[in-house]
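*Asks:* coords below, sequence missing:
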């Protein structure tokens with residue numbers, strides 16, 4: 001490709017784009033690792049976007065009405081870091097660029113939310129950014145409908161590569177965006193025809209243009225190195241009522257010896273080749289040096305949006321005090337002050353009435369009192385609305401003709417739903433929750449993990465949480481899934497035993513600002529076990545004494561969810577034989593782990609034998625059985641060590657030996 005002609009045709013543009021390429025080469029060379037080719041290939045697109053279209057102010061990176069930019073192809077992180085540094089984001093200093101991929105630097109190998117201002121989401125696992133962007137765009141539509149264009153009116157831009165489009169989640173995201181006509185969503189496809197293994201044709205022959213058009217997207221094809229074409233395409237995309245995909249034909253590692261090869265994807269660190277590339281660019285400064293006029297031109301771009309941001313602040317100040325407070329509250333992820341009182345009132349009612357309910361139904365009851373006072377909640381389900389009990393009557397359905405709707409029919413898209421919900425949280429102003437069967441956390445796992453990594457409070461409502469779902473059989477019966485979720489750092493896994501604990505779990509999930517929650521809920525009915533009302537949220541302690549021993553304490557039975565009822569019945573059997581037995585309900589291990597040792601000691605003192613009962617695998621339970629003053633020789637587990645089977649729930653519990661009699665027998669065998 002004739003770089004001289006490109007530079008001569010658009011010299012000002014070329015110098016700015018070359019700054020991105022040069023910084024990328026320098027940073028990857030210094031780190032001796034990274035991905036050079038994508039930033040070098042997409043520098044022209046990014047330059048046009050930032051210079052002429054992106055609504056942002058580097059001096060006010062959290063401005064609520066800024067455009068959102070997402071780098072789904074997160075391996076090309078130096079593109080992003082270069083843009084942030086060049087445009088003048090205060091925290092993205094040259095020193096951070098020099099320390100790319102090093103301990104303590106905010107310039108991680110892939111962009112990480114919370115590390116640096118301007119990074120809207122953590123990307124790297126390919127395709128996640130596309131699905132996140134759908135959530136961002138949906139959130140913008142919802143908030144614009146609620147607060148009006150004066151306060152909310154912006155675009156979401158995303159750069160994706162061939163890898164993003166190959167991942168299955170991309171199809172879920174693309175069809176969702178097309179179905180909902182998300183016209184404020186604009187995706188740039190880095191069409192460089194290269195993957196790590198070689199040409200894209202080695203593994204894929206999809207016509208991406210036809211694919212997007214079939215999903216109700218506007219598609220515009222451009223030369224990804226022609227700034228005029230790129231500019232015109234973005235202008236056209238911004239006026240569309242449908243989401244737009246701009247197919248940018250690019251050269252990976254433009255101007256380098258590795259251009260248009262799979263080697264160009266990775267770290268280009270050869271000194272001679274790097275020098276030759278810079279010479280071809282006409283770049284004559286030393287490593288990490290950007291000419292003053294080029295840096296000034298970029299900083300001018302970074303401040304271009306300041307007048308628009310100031311105008312927005314003026315419009316916000318003109319809004320009513322009530323509107324300002326509500327907008328600020330939801331954007332800050334603050335729960336309304338009335339939430340706690342509503343939860344306490346429901347708990348008092350349930351303690352008195354003591355209904356027998358599936359905890360999925362209990363969850364619906366909580367949502368019926370929560371959704372009317374929390375305008376930011378957005379519910380949904382992956383085609384299991386009637387089973388997950390996630391829809392309440394006041395929400396309305398989000399659709400093309402009802403952007404105020406707060407319920408999303410996600411379709412059979414667990415992964416896309418979960419990643420889009422993450423995008424909604426990250427956008428701000430929305431607290432989403434979405435449901436599917438607990439077993440299908442397998443389909444949502446990558447997004448659930450990223451929610452934990454990003455420290456965002458997405459709520460995953462997972463019903464049908466054990467063999468208790470019955471006849472659907474082992475394909476749908478979760479066995480290992482509680483252990484998998486509990487193994488994930490920064491995740492609260494709630495498995496409530498009744499409606500009271502379910503209400504308390506929801507209060508916690510909707511009050512935290514930085515921890516995702518998994519609500520593991522039953523299909524089968526369970527009795528109300530907390531019949532004495534207490535204002536205190538006991539679930540917040542993670543575990544507590546539900547029933548203490550009568551007489552000398554000889555045994556402690558620990559349980560969660562539907563098995564707490566079994567533990568209570570086992571206690572009755574043991575007490576009848578004079579064996580003093582304490583029952584500990586453990587709705588959230590993570591919160592119990594966070595308690596002071598003195599609290600944990602009061603709940604789990606040394607001495608008595610310990611038995612845990614849960615309709616899942618034992619993994620994880622040894623912490624409570626053998627640790628925390630327990631002993632391996634004086635502990636036992638009643639639960640699952642295999643997959644389930646197809647039969648009625650009560651038959652399955654009997655056949656798999658998860659009964660009160662089995663628990664009592666286990667206790668006695670340890671005495």
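*Replies:* Nice, I can see it. Treat the numbers as computed from the prediction; the structure is a model and nothing was measured.
*Asks:* who are the neighbours in contact with the residue nearest to residue 62 when sequence neighbours are not counted?
*Replies:* Of all residues not flanking residue 62 in the chain, residue 117 sits nearest, at 7.3 Å (CB to CB, 6 or more residues apart in numbering). Where you see a C-beta, it was placed from the backbone N, CA and C, and this is true even at glycine. By CB atoms under 8 Å, 6 or more residues apart in numbering, the contact list for residue 117 reads 61-62, 84, 89-92.
*Asks:* apply 6 Å and report the result again.
*Replies:* Going by CB atoms under 6 Å, 6 or more residues apart in numbering, residue 117 touches 61, 89, 91.
*Asks:* swap in residue 141?
*Replies:* So, once contact is read as CB under 6 Å, 6+ apart, residue 141 ends up touching residue 403.
*Asks:* distance-wise, check it relative to residue 160.
*Replies:* From residue 141 over to residue 160 the distance is 21 Å, taken as CB to CB, to the nearest Å.
*Asks:* just the buried ones out of the contacts of residue 117, please.
*Replies:* Buried members of those, scored by 16 or more other CB atoms under 10 Å, are 61, 89.
*Asks:* and which of the contacts of residue 117 is nearest to residue 214?
*Replies:* residue 61 (36.9 Å; CB to CB).
*Asks:* and that closest one, how close does it get to residue 384?
*Replies:* Residue 61 is 38 Å from residue 384, by CB to CB.
*Asks:* next: residue 398.
*Replies:* Using CB to CB, we find residue 398 at a distance of 17 Å from residue 384.
*Asks:* try residue 512
*Replies:* For residue 512, the distance to residue 384 equals 25 Å [CB to CB].
*Asks:* repeat that for residue 669.
*Replies:* 41 Å.
*Asks:* which one of these two is surrounded by more residues?
*Replies:* residue 384 (20 against 10; other CB atoms under 10 Å).
*Asks:* tell me who's in contact with that one.
*Replies:* residue 436.
*Asks:* pLDDT score for it?
*Replies:* We have a pLDDT of 98 for residue 384.
*Asks:* gap between the host helix or strand of residue 425 and the chain center?
*Replies:* Here residue 425, judged by DSSP states H and E, is contained in helix 414-427. Put simply, helix 414-427 sits 6 Å off its chain's centre (CA atoms, centre = their mean, to the nearest Å).
*Asks:* need the next SSE after that helix, C-terminal direction.
*Replies:* strand 431-437.
*Asks:* check contacts around residue 244.
*Replies:* Here residue 244 is in contact with 186, 218, 237 (criterion: CB under 6 Å, 6+ apart).
*Asks:* now do 10 Å
*Replies:* 155, 157, 177, 182-188, 212, 217-220, 233-234, 236-238 (CB atoms under 10 Å, 6 or more residues apart in numbering).
*Asks:* any idea how far residue 217 is from it?
*Replies:* With CB to CB as the criterion, residue 244 and residue 217 are 6 Å apart.
*Asks:* what residues are shared contacts of those two?
*Replies:* Common neighbours of residue 244 and residue 217 (CB under 10 Å, 6+ apart) are 177, 182, 185-187, 237.
*Asks:* re earlier: please produce CSV containing the contacts of residue 117, extended by secondary structure and distance to residue 25.
*Replies:* Output for these, formatted as CSV (DSSP: H, G, I helix; E, B strand; the rest coil; distance: CB to CB, whole Å):
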residue, secondary structure, distance to residue 25
61, coil, 26
89, coil, 21
91, coil, 23
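*Asks:* make JSON lines out of the contacts of residue 117 and add distance to residue 328 and pLDDT.
*Replies:* JSON lines is the format used below for the contacts of residue 117 (distance: CB to CB, whole Å; pLDDT from 0 to 100):
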{"residue": "61", "distance to residue 328": "17", "pLDDT": "98"}
{"residue": "89", "distance to residue 328": "23", "pLDDT": "98"}
{"residue": "91", "distance to residue 328": "23", "pLDDT": "98"}
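*Asks:* and for the closest residue to residue 412 other than its chain neighbours, the neighbour number?
*Replies:* Nearest residue to residue 412, sequence neighbours excluded (CB to CB, 6+ apart): residue 383, at 4.8 Å. By the criterion of other CB under 10 Å, residue 383 has 16 neighbours.
*Asks:* can you pull the contacts of residue 383?
*Replies:* Counting by CB under 10 Å, 6+ apart, residue 383 touches 409-414, 417, 435-436.
*Asks:* buried ones among the residues you listed?
*Replies:* By 16+ other CB under 10 Å, the contacts of residue 383 give 409-411, 413-414, 417, 435-436 as buried.
*Asks:* and the average pLDDT for stretch 350-365 is what?
*Replies:* 98.
*Asks:* can you point out the buried residues in that stretch?
*Replies:* So stretch 350-365, judged by 16+ other CB under 10 Å, has buried residues 350-351, 357-365.
*Asks:* farthest-separated two in those residues?
*Replies:* Greatest spacing in the buried residues of stretch 350-365, by CB to CB: 351 and 360 (20.0 Å).
*Asks:* the helix holding residue 425 to strand 431-437, inter-axis angle?
*Replies:* 170 degrees (axes from the mean of the first three to the mean of the last three CA atoms, to 10 degrees).
*Asks:* could you pull out the strands for the stretch 201-350 of the chain?
*Replies:* 218-223, 244-249 (DSSP state E, counting those that start in this stretch).
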